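Undergrad: Any chance you could fold what I've pasted below:
(2 chains)
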Protein chains: 2
Amino acid sequence: MRWKTYGERQVYTNPWLNLCLIDVELPDGQRFDHHVVRLRHLAVAVVLNERREVLMLWRHRFITDAWAWELPMGLVEEGETPAATAAREVEEETGWRPGPMRPLIYAEPANGITDAEHHVFRADTATHIGPPTELNESDRIEWIPVDRIRGMIDRREIISGGSLVGLLYLLVDGVGGGVDGVDKGGGVDVVDRVGGVDVVDGVDVVDGVDRAL
Amino acid sequence: MRWKTYGERQVYTNPWLNLCLIDVELPDGQRFDHHVVRLRHLAVAVVLNERREVLMLWRHRFITDAWAWELPMGLVEEGETPAATAAREVEEETGWRPGPMRPLIYAEPANGITDAEHHVFRADTATHIGPPTELNESDRIEWIPVDRIRGMIDRREIISGGSLVGLLYLLVDGVGGGVDGVDKGGGVDVVDRVGGVDVVDGVDVVDGVDRAL
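TA: Sure, this is the predicted structure:
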(Lines give C-alpha, C1' and ligand atoms only; values in the text may rest on other atoms or scores of the structure.)
Protein backbone atom coordinates (compact mmCIF):
# COMPACT_ATOMS: atom_id res chain seq x y z
CA MET A 1 0.00 0.00 0.00
CA ARG A 2 2.02 2.91 -1.34
CA TRP A 3 1.07 6.52 -0.87
CA LYS A 4 1.14 8.37 -4.20
CA THR A 5 3.26 11.49 -4.33
CA TYR A 6 2.79 14.30 -6.85
CA GLY A 7 5.64 16.66 -6.19
CA GLU A 8 7.61 18.50 -3.59
CA ARG A 9 8.32 22.09 -2.70
CA GLN A 10 10.91 23.46 -0.38
CA VAL A 11 9.78 25.58 2.55
CA TYR A 12 13.15 26.22 4.16
CA THR A 13 16.70 25.28 3.26
CA ASN A 14 19.93 25.28 5.20
CA PRO A 15 23.14 23.18 5.43
CA TRP A 16 21.65 21.29 8.41
CA LEU A 17 18.15 20.54 7.23
CA ASN A 18 15.62 21.09 4.50
CA LEU A 19 11.96 21.45 5.25
CA CYS A 20 9.72 20.33 2.40
CA LEU A 21 6.06 19.86 1.63
CA ILE A 22 5.21 16.76 -0.38
CA ASP A 23 1.85 16.48 -2.13
CA VAL A 24 0.64 13.00 -1.16
CA GLU A 25 -2.48 10.96 -1.84
CA LEU A 26 -3.44 8.23 0.61
CA PRO A 27 -5.03 4.95 -0.49
CA ASP A 28 -8.43 6.17 0.75
CA GLY A 29 -8.21 9.20 -1.54
CA GLN A 30 -7.23 11.86 1.01
CA ARG A 31 -4.75 14.24 -0.55
CA PHE A 32 -2.69 16.81 1.36
CA ASP A 33 0.72 18.38 1.77
CA HIS A 34 2.86 16.25 4.08
CA HIS A 35 5.78 17.88 5.90
CA VAL A 36 9.15 16.24 5.50
CA VAL A 37 12.36 17.27 7.25
CA ARG A 38 15.37 16.22 5.19
CA LEU A 39 18.35 15.68 7.46
CA ARG A 40 21.98 14.71 7.04
CA HIS A 41 23.02 11.14 7.76
CA LEU A 42 24.43 10.23 11.14
CA ALA A 43 27.22 7.73 11.84
CA VAL A 44 27.49 6.10 15.25
CA ALA A 45 30.31 4.00 16.72
CA VAL A 46 30.21 1.12 19.19
CA VAL A 47 33.88 0.78 20.16
CA LEU A 48 34.82 -2.12 22.40
CA ASN A 49 38.03 -3.04 24.17
CA GLU A 50 39.32 -6.41 25.29
CA ARG A 51 37.78 -5.94 28.74
CA ARG A 52 34.19 -5.92 27.39
CA GLU A 53 33.88 -2.18 27.82
CA VAL A 54 32.27 0.32 25.44
CA LEU A 55 33.63 3.82 24.82
CA MET A 56 30.99 6.39 25.82
CA LEU A 57 30.56 10.09 26.52
CA TRP A 58 28.54 11.76 29.23
CA ARG A 59 26.91 14.79 27.72
CA HIS A 60 24.15 17.33 27.92
CA ARG A 61 21.76 17.82 25.01
CA PHE A 62 20.35 21.31 25.12
CA ILE A 63 17.40 20.54 22.85
CA THR A 64 15.90 18.00 25.23
CA ASP A 65 17.73 19.37 28.30
CA ALA A 66 18.89 15.87 29.20
CA TRP A 67 22.18 14.55 30.56
CA ALA A 68 22.95 11.02 29.40
CA TRP A 69 25.64 8.63 28.18
CA GLU A 70 26.04 8.42 24.41
CA LEU A 71 28.15 6.64 21.88
CA PRO A 72 30.47 8.78 19.76
CA MET A 73 28.52 9.96 16.71
CA GLY A 74 28.38 12.68 14.13
CA LEU A 75 27.04 13.88 10.82
CA VAL A 76 28.42 12.36 7.64
CA GLU A 77 30.33 15.01 5.71
CA GLU A 78 30.11 15.50 1.95
CA GLY A 79 32.20 12.85 0.21
CA GLU A 80 32.75 10.85 3.38
CA THR A 81 31.58 7.28 3.92
CA PRO A 82 29.54 6.65 7.08
CA ALA A 83 32.26 4.26 8.31
CA ALA A 84 34.90 6.98 7.91
CA THR A 85 32.66 9.43 9.77
CA ALA A 86 32.20 7.00 12.62
CA ALA A 87 35.97 6.49 12.95
CA ARG A 88 36.68 10.22 12.70
CA GLU A 89 34.09 11.11 15.33
CA VAL A 90 35.48 8.55 17.77
CA GLU A 91 38.94 10.04 17.41
CA GLU A 92 37.80 13.68 17.62
CA GLU A 93 35.47 13.17 20.55
CA THR A 94 37.47 10.70 22.63
CA GLY A 95 41.13 10.69 21.58
CA TRP A 96 40.92 6.97 20.84
CA ARG A 97 41.55 5.72 17.28
CA PRO A 98 39.28 2.76 16.61
CA GLY A 99 40.30 -0.39 14.76
CA PRO A 100 38.43 -1.64 11.69
CA MET A 101 34.78 -0.58 11.60
CA ARG A 102 32.13 -3.13 10.68
CA PRO A 103 28.49 -2.23 9.97
CA LEU A 104 26.39 -3.22 12.99
CA ILE A 105 22.84 -1.93 12.43
CA TYR A 106 20.96 0.57 10.30
CA ALA A 107 18.02 2.67 11.48
CA GLU A 108 15.65 5.30 10.15
CA PRO A 109 14.96 7.01 13.46
CA ALA A 110 11.83 9.01 12.63
CA ASN A 111 10.65 7.88 9.20
CA GLY A 112 7.17 9.33 9.55
CA ILE A 113 8.49 12.89 9.33
CA THR A 114 12.22 12.82 8.47
CA ASP A 115 14.50 11.00 6.04
CA ALA A 116 17.25 10.70 8.66
CA GLU A 117 19.52 7.66 8.46
CA HIS A 118 21.58 6.27 11.32
CA HIS A 119 24.51 4.07 10.32
CA VAL A 120 25.92 2.26 13.33
CA PHE A 121 29.34 0.61 13.26
CA ARG A 122 31.32 -1.58 15.60
CA ALA A 123 35.06 -1.68 16.25
CA ASP A 124 36.65 -4.21 18.56
CA THR A 125 39.91 -2.43 19.20
CA ALA A 126 41.10 1.13 19.83
CA THR A 127 44.40 2.87 20.44
CA HIS A 128 44.78 5.98 22.57
CA ILE A 129 46.38 8.71 20.51
CA GLY A 130 46.00 11.77 22.73
CA PRO A 131 43.39 14.15 24.10
CA PRO A 132 40.14 14.65 22.18
CA THR A 133 40.19 17.54 19.73
CA GLU A 134 36.44 18.18 19.94
CA LEU A 135 36.07 19.92 23.27
CA ASN A 136 32.43 21.00 23.16
CA GLU A 137 30.77 17.64 23.40
CA SER A 138 31.25 15.95 26.74
CA ASP A 139 32.40 16.24 30.30
CA ARG A 140 33.47 12.64 30.71
CA ILE A 141 34.80 9.98 28.36
CA GLU A 142 34.72 6.51 29.84
CA TRP A 143 34.95 2.84 29.02
CA ILE A 144 31.69 1.42 30.34
CA PRO A 145 31.43 -2.30 31.15
CA VAL A 146 28.92 -3.92 28.81
CA ASP A 147 27.27 -5.61 31.79
CA ARG A 148 26.16 -2.22 33.11
CA ILE A 149 24.39 -1.08 29.97
CA ARG A 150 21.05 -2.77 30.52
CA GLY A 151 20.69 -1.12 33.93
CA MET A 152 21.73 2.26 32.53
CA ILE A 153 19.02 1.98 29.86
CA ASP A 154 16.41 1.09 32.48
CA ARG A 155 17.46 4.13 34.55
CA ARG A 156 17.29 6.36 31.46
CA GLU A 157 20.99 7.10 31.61
CA ILE A 158 21.12 6.18 27.91
CA ILE A 159 18.33 7.68 25.77
CA SER A 160 19.72 8.79 22.41
CA GLY A 161 18.22 6.73 19.59
CA GLY A 162 21.49 6.00 17.80
CA SER A 163 23.15 4.95 21.05
CA LEU A 164 20.26 2.71 22.08
CA VAL A 165 20.01 0.97 18.75
CA GLY A 166 23.75 0.24 18.69
CA LEU A 167 24.04 -0.85 22.30
CA LEU A 168 20.88 -2.97 22.33
CA TYR A 169 22.01 -4.68 19.16
CA LEU A 170 25.37 -5.33 20.80
CA LEU A 171 23.61 -6.91 23.78
CA VAL A 172 21.45 -9.08 21.51
CA ASP A 173 24.38 -9.90 19.25
CA GLY A 174 26.61 -10.89 22.09
CA VAL A 175 29.89 -9.19 22.73
CA GLY A 176 32.07 -12.23 22.15
CA GLY A 177 31.64 -12.28 18.40
CA GLY A 178 34.70 -10.32 17.53
CA VAL A 179 36.46 -8.98 20.59
CA ASP A 180 39.23 -11.49 20.49
CA GLY A 181 38.65 -12.87 17.03
CA VAL A 182 37.63 -16.26 18.38
CA ASP A 183 34.30 -17.74 17.34
CA LYS A 184 33.03 -19.11 20.61
CA GLY A 185 30.10 -20.98 19.07
CA GLY A 186 26.69 -21.29 20.65
CA GLY A 187 26.85 -20.69 24.37
CA VAL A 188 24.87 -19.56 27.33
CA ASP A 189 24.10 -16.12 28.67
CA VAL A 190 23.53 -16.45 32.37
CA VAL A 191 21.70 -13.72 34.21
CA ASP A 192 21.48 -13.76 37.94
CA ARG A 193 20.28 -11.48 40.66
CA VAL A 194 22.75 -10.56 43.36
CA GLY A 195 21.70 -8.33 46.23
CA GLY A 196 18.88 -6.77 44.27
CA VAL A 197 21.09 -5.92 41.31
CA ASP A 198 20.87 -7.54 37.90
CA VAL A 199 24.22 -9.08 37.13
CA VAL A 200 25.36 -10.68 33.94
CA ASP A 201 28.02 -13.23 34.73
CA GLY A 202 30.77 -14.12 32.38
CA VAL A 203 31.00 -13.50 28.70
CA ASP A 204 27.92 -13.45 26.53
CA VAL A 205 28.70 -15.87 23.76
CA VAL A 206 25.25 -16.40 22.30
CA ASP A 207 26.35 -15.01 18.99
CA GLY A 208 29.19 -17.14 17.85
CA VAL A 209 27.41 -17.71 14.55
CA ASP A 210 28.51 -16.08 11.36
CA ARG A 211 26.58 -13.12 10.18
CA ALA A 212 26.80 -11.19 6.96
CA LEU A 213 28.12 -7.79 7.93
CA MET B 1 29.47 20.80 29.86
CA ARG B 2 26.28 22.66 29.08
CA TRP B 3 25.79 24.80 26.03
CA LYS B 4 24.41 28.21 26.99
CA THR B 5 21.24 29.29 25.24
CA TYR B 6 20.12 32.90 24.85
CA GLY B 7 16.72 32.68 23.27
CA GLU B 8 14.70 31.13 20.53
CA ARG B 9 12.79 32.27 17.50
CA GLN B 10 10.32 30.42 15.40
CA VAL B 11 11.04 30.00 11.70
CA TYR B 12 8.01 27.91 10.74
CA THR B 13 5.03 26.60 12.66
CA ASN B 14 2.46 23.94 11.92
CA PRO B 15 0.45 21.30 13.83
CA TRP B 16 3.06 18.67 12.87
CA LEU B 17 6.29 20.45 13.60
CA ASN B 18 7.87 23.70 14.60
CA LEU B 19 11.16 24.83 13.20
CA CYS B 20 13.12 27.11 15.54
CA LEU B 21 16.47 28.80 15.74
CA ILE B 22 18.10 28.77 19.15
CA ASP B 23 20.92 31.17 19.95
CA VAL B 24 23.58 28.95 21.54
CA GLU B 25 27.08 29.47 22.91
CA LEU B 26 29.45 26.53 23.01
CA PRO B 27 32.00 26.03 25.79
CA ASP B 28 34.80 27.20 23.47
CA GLY B 29 32.98 30.50 22.92
CA GLN B 30 31.50 29.83 19.48
CA ARG B 31 28.04 31.36 19.28
CA PHE B 32 25.51 30.67 16.53
CA ASP B 33 21.88 29.95 15.72
CA HIS B 34 21.22 26.22 16.06
CA HIS B 35 18.25 24.73 14.19
CA VAL B 36 15.80 22.73 16.25
CA VAL B 37 12.82 20.82 14.88
CA ARG B 38 10.14 20.49 17.55
CA LEU B 39 8.06 17.38 16.93
CA ARG B 40 5.10 15.68 18.54
CA HIS B 41 5.69 12.68 20.79
CA LEU B 42 5.38 9.19 19.39
CA ALA B 43 3.99 6.14 21.18
CA VAL B 44 4.99 2.65 20.07
CA ALA B 45 3.55 -0.73 21.07
CA VAL B 46 5.21 -4.11 21.42
CA VAL B 47 2.20 -6.46 21.64
CA LEU B 48 2.89 -10.12 22.34
CA ASN B 49 0.69 -13.17 22.37
CA GLU B 50 1.04 -16.44 24.25
CA ARG B 51 2.85 -18.00 21.27
CA ARG B 52 5.85 -15.61 21.53
CA GLU B 53 4.71 -13.63 18.53
CA VAL B 54 4.77 -9.85 18.10
CA LEU B 55 2.05 -7.91 16.27
CA MET B 56 3.59 -6.08 13.31
CA LEU B 57 2.66 -4.25 10.11
CA TRP B 58 4.29 -4.43 6.72
CA ARG B 59 4.29 -0.94 5.30
CA HIS B 60 5.84 1.47 2.88
CA ARG B 61 7.27 4.78 4.07
CA PHE B 62 7.19 7.28 1.26
CA ILE B 63 9.75 9.62 2.82
CA THR B 64 12.52 7.05 2.76
CA ASP B 65 10.87 4.92 0.02
CA ALA B 66 11.37 1.80 2.10
CA TRP B 67 9.17 -1.24 2.72
CA ALA B 68 9.66 -2.76 6.15
CA TRP B 69 7.96 -4.34 9.15
CA GLU B 70 7.02 -1.93 11.93
CA LEU B 71 5.37 -2.00 15.31
CA PRO B 72 2.04 -0.17 15.63
CA MET B 73 2.80 3.46 16.52
CA GLY B 74 1.40 6.93 16.30
CA LEU B 75 1.53 10.52 17.47
CA VAL B 76 0.33 11.35 20.97
CA GLU B 77 -2.79 13.51 20.72
CA GLU B 78 -3.45 16.55 22.89
CA GLY B 79 -4.60 15.43 26.34
CA GLU B 80 -3.74 11.78 25.70
CA THR B 81 -1.18 9.78 27.67
CA PRO B 82 1.47 7.98 25.61
CA ALA B 83 0.18 4.63 26.95
CA ALA B 84 -3.35 5.46 25.74
CA THR B 85 -1.96 6.45 22.35
CA ALA B 86 -0.08 3.18 22.06
CA ALA B 87 -3.23 1.16 22.86
CA ARG B 88 -5.37 3.24 20.50
CA GLU B 89 -2.92 2.91 17.62
CA VAL B 90 -2.72 -0.87 18.02
CA GLU B 91 -6.49 -1.11 17.81
CA GLU B 92 -6.87 1.30 14.88
CA GLU B 93 -4.04 -0.15 12.85
CA THR B 94 -4.50 -3.87 13.54
CA GLY B 95 -7.99 -4.57 14.90
CA TRP B 96 -6.47 -6.11 18.03
CA ARG B 97 -7.18 -4.57 21.44
CA PRO B 98 -4.07 -4.91 23.61
CA GLY B 99 -4.10 -5.84 27.29
CA PRO B 100 -2.45 -3.65 29.92
CA MET B 101 0.38 -1.49 28.59
CA ARG B 102 3.63 -1.30 30.55
CA PRO B 103 6.43 1.17 29.76
CA LEU B 104 9.25 -0.72 28.04
CA ILE B 105 11.85 1.81 26.88
CA TYR B 106 12.18 5.54 26.22
CA ALA B 107 14.21 7.07 23.39
CA GLU B 108 15.07 10.49 22.02
CA PRO B 109 15.61 9.41 18.43
CA ALA B 110 17.49 12.39 17.00
CA ASN B 111 18.41 14.63 19.94
CA GLY B 112 21.02 16.61 18.04
CA ILE B 113 18.39 18.31 15.90
CA THR B 114 14.89 17.41 17.20
CA ASP B 115 13.13 17.19 20.55
CA ALA B 116 11.23 14.06 19.46
CA GLU B 117 10.36 11.54 22.18
CA HIS B 118 9.55 7.89 21.57
CA HIS B 119 7.60 6.17 24.36
CA VAL B 120 7.58 2.41 23.83
CA PHE B 121 5.13 0.15 25.67
CA ARG B 122 4.64 -3.57 25.98
CA ALA B 123 1.41 -5.57 26.27
CA ASP B 124 1.39 -9.32 26.78
CA THR B 125 -2.14 -10.03 25.64
CA ALA B 126 -4.51 -8.87 22.90
CA THR B 127 -8.07 -9.61 21.82
CA HIS B 128 -9.23 -9.46 18.24
CA ILE B 129 -12.13 -7.03 17.98
CA GLY B 130 -12.59 -6.66 14.22
CA PRO B 131 -10.93 -5.24 11.13
CA PRO B 132 -8.54 -2.30 11.52
CA THR B 133 -10.16 1.12 11.13
CA GLU B 134 -6.99 2.80 9.87
CA LEU B 135 -6.77 1.59 6.30
CA ASN B 136 -3.92 3.74 4.96
CA GLU B 137 -1.06 2.25 6.89
CA SER B 138 -0.23 -1.27 5.90
CA ASP B 139 -0.76 -4.12 3.47
CA ARG B 140 -0.24 -6.90 5.94
CA ILE B 141 -0.80 -7.31 9.67
CA GLU B 142 0.90 -10.35 11.14
CA TRP B 143 2.00 -11.98 14.34
CA ILE B 144 5.73 -12.46 13.87
CA PRO B 145 7.57 -15.10 15.93
CA VAL B 146 10.06 -13.39 18.22
CA ASP B 147 12.73 -15.84 17.11
CA ARG B 148 12.64 -14.37 13.59
CA ILE B 149 13.23 -10.77 14.61
CA ARG B 150 16.99 -10.83 14.84
CA GLY B 151 17.27 -12.17 11.29
CA MET B 152 14.76 -9.60 10.04
CA ILE B 153 16.85 -6.81 11.55
CA ASP B 154 20.01 -8.17 9.95
CA ARG B 155 18.25 -8.28 6.57
CA ARG B 156 16.98 -4.69 7.06
CA GLU B 157 13.36 -5.84 7.08
CA ILE B 158 12.97 -3.79 10.27
CA ILE B 159 14.49 -0.30 10.17
CA SER B 160 12.22 2.19 11.91
CA GLY B 161 13.87 3.59 15.03
CA GLY B 162 10.89 3.15 17.34
CA SER B 163 10.38 -0.43 16.18
CA LEU B 164 14.06 -1.32 16.55
CA VAL B 165 14.38 0.14 20.02
CA GLY B 166 11.28 -1.72 21.24
CA LEU B 167 12.10 -5.05 19.60
CA LEU B 168 15.78 -5.05 20.53
CA TYR B 169 14.88 -4.24 24.12
CA LEU B 170 12.40 -7.11 24.04
CA LEU B 171 15.14 -9.45 22.83
CA VAL B 172 17.54 -8.25 25.54
CA ASP B 173 14.82 -8.28 28.19
CA GLY B 174 13.68 -11.75 27.30
CA VAL B 175 10.16 -12.51 26.29
CA GLY B 176 9.32 -14.74 29.23
CA GLY B 177 9.05 -11.91 31.74
CA GLY B 178 5.36 -11.37 31.44
CA VAL B 179 3.84 -13.43 28.66
CA ASP B 180 2.31 -15.96 30.96
CA GLY B 181 2.77 -14.17 34.24
CA VAL B 182 5.27 -16.73 35.46
CA ASP B 183 8.70 -15.59 36.60
CA LYS B 184 10.94 -18.18 35.03
CA GLY B 185 14.07 -17.06 36.84
CA GLY B 186 17.53 -17.06 35.32
CA GLY B 187 17.74 -19.32 32.32
CA VAL B 188 19.60 -19.97 29.13
CA ASP B 189 19.21 -18.53 25.67
CA VAL B 190 20.52 -21.08 23.23
CA VAL B 191 21.43 -20.01 19.74
CA ASP B 192 22.23 -22.56 17.11
CA ARG B 193 22.82 -22.65 13.40
CA VAL B 194 20.67 -24.98 11.35
CA GLY B 195 21.17 -25.30 7.61
CA GLY B 196 22.75 -21.88 7.32
CA VAL B 197 19.95 -20.14 9.19
CA ASP B 198 20.29 -18.66 12.67
CA VAL B 199 17.77 -20.34 14.89
CA VAL B 200 16.92 -19.51 18.45
CA ASP B 201 15.70 -22.64 20.18
CA GLY B 202 13.24 -22.64 23.00
CA VAL B 203 12.07 -19.81 25.14
CA ASP B 204 14.36 -16.97 26.07
CA VAL B 205 14.05 -16.75 29.82
CA VAL B 206 17.12 -14.68 30.65
CA ASP B 207 14.98 -11.97 32.12
CA GLY B 208 12.97 -13.51 34.85
CA VAL B 209 14.18 -10.82 37.24
CA ASP B 210 11.98 -8.01 38.44
CA ARG B 211 12.45 -4.64 36.93
CA ALA B 212 11.01 -1.28 37.86
CA LEU B 213 8.63 -0.44 35.05
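Undergrad: going forward, measure contacts and count neighbours with C-alpha atoms only.
TA: OK.
Undergrad: for the record, mean pLDDT for stretch A:145-154?
TA: In this model, stretch A:145-154 has an average pLDDT of 97.
Undergrad: Could you pull out the buried residues of that stretch?
TA: A:V146, A:D147, A:I149, A:R150, A:I153, A:D154 (16 or more other Cα atoms under 10 Å in any protein chain shown).
Undergrad: From the residues you listed, which land in helices?
TA: A:I149, A:R150, A:I153, A:D154 (DSSP state H).
Undergrad: out of the residues you listed, who's near chain B?
TA: Among those, the ones lying near chain B by Cα under 8 Å from any Cα of the partner chain are A:I153, A:D154.
Undergrad: List the residues that contact the closest residue to A:T125 other than its chain neighbours.
TA: The spatially closest residue to A:T125, leaving aside those adjacent along the chain, is A:G99, at 4.9 Å (Cα to Cα, 6 or more residues apart in numbering or on different chains). For A:G99, the contacting residues are A:A123, A:D124, A:T125, A:A126, A:T127, by Cα atoms under 8 Å, 6 or more residues apart in numbering or on different chains.
Undergrad: Please repeat the previous calculation with a cut-off of 6 Å.
TA: For A:G99, the contacting residues are A:A123, A:T125, A:A126, by Cα atoms under 6 Å, 6 or more residues apart in numbering or on different chains.
Undergrad: any idea how far A:L167 is from it?
TA: 18 Å (Cα to Cα, to the nearest Å).
Undergrad: now swap in A:L55 and tell me
TA: Between A:L55 and A:L167 the computed distance is 11 Å (Cα to Cα).
Undergrad: who has more neighbours, these two?
TA: Shown here are A:L55 and A:L167; by other Cα atoms under 10 Å in any protein chain shown, A:L167 has more neighbours (28 against 23).
Undergrad: For that one, grab phi and psi.
TA: Per-residue torsions, A:L167: phi -70, psi -40 (degrees, to the nearest 10).
Undergrad: Next one: it from chain B, what distance?
TA: As judged by Cα to the nearest Cα, to the nearest Å, A:L167 and chain B stand 9 Å apart.
Undergrad: How about that residue, nearest residue that isn't a chain neighbour?
TA: A:V46 is the one closest to A:L167 (Cα to Cα, 6+ apart), at 7.2 Å.
Undergrad: what's the helix or strand for the one you found?
TA: Element membership of A:V46 [criterion: DSSP states H and E] is strand A:42-47.
Undergrad: and that strand, what does it pack onto?
TA: Packing partners of strand A:42-47 (3 or more Cα pairs under 6 Å, 6 or more residues apart in numbering or on different chains; DSSP states H and E): strand A:73-75, helix A:82-94, strand A:118-123.
Undergrad: what is the mean pLDDT for whichever helix or strand comes after it?
TA: Beyond strand A:42-47 in the direction of the C-terminus, DSSP H and E gives the next helix or strand as strand A:53-61. The pLDDT scores in strand A:53-61 average 96.
Undergrad: Kindly calculate the angle that strand A:53-61 makes with helix A:82-94.
TA: 70 degrees (axes from the mean of the first three to the mean of the last three Cα atoms, to 10 degrees).
Undergrad: Not counting strand A:53-61 itself, show me its contacts.
TA: In contact with strand A:53-61 (Cα under 6 Å, 6+ apart) are residues A:47-48, A:66-71, A:138, A:140-146, B:2.
Undergrad: and if we set it to 8 Å?
TA: For strand A:53-61, using Cα under 8 Å, 6+ apart, the contacting residues are A:46-48, A:66-72, A:94, A:137-146, B:1-3, B:111-112.
Undergrad: Just the buried subset of the residues you listed, please.
TA: A:46-48, A:66-72, A:94, A:137-138, A:141, A:144, A:146, B:1-3, B:111-112.
Undergrad: so what's the closest residue to A:I63 other than its chain neighbours scoring on pLDDT?
TA: Once flanking residues are discounted, A:I63 sits nearest to B:D115: 5.9 Å by Cα to Cα, 6+ apart. If you check B:D115, the pLDDT there is 97.
Undergrad: what's the helix or strand for the residue of chain A most remote from its centre?
TA: Within chain A, the residue lying farthest from the chain centre (Cα atoms, centre = their mean) is A:G29, at 37.8 Å. Assigned by DSSP H and E, A:G29 belongs to neither a helix nor a strand.
Undergrad: related to what we said a few turns ago, what backbone torsions are found at the residue nearest to A:I63?
TA: phi -100, psi 20.
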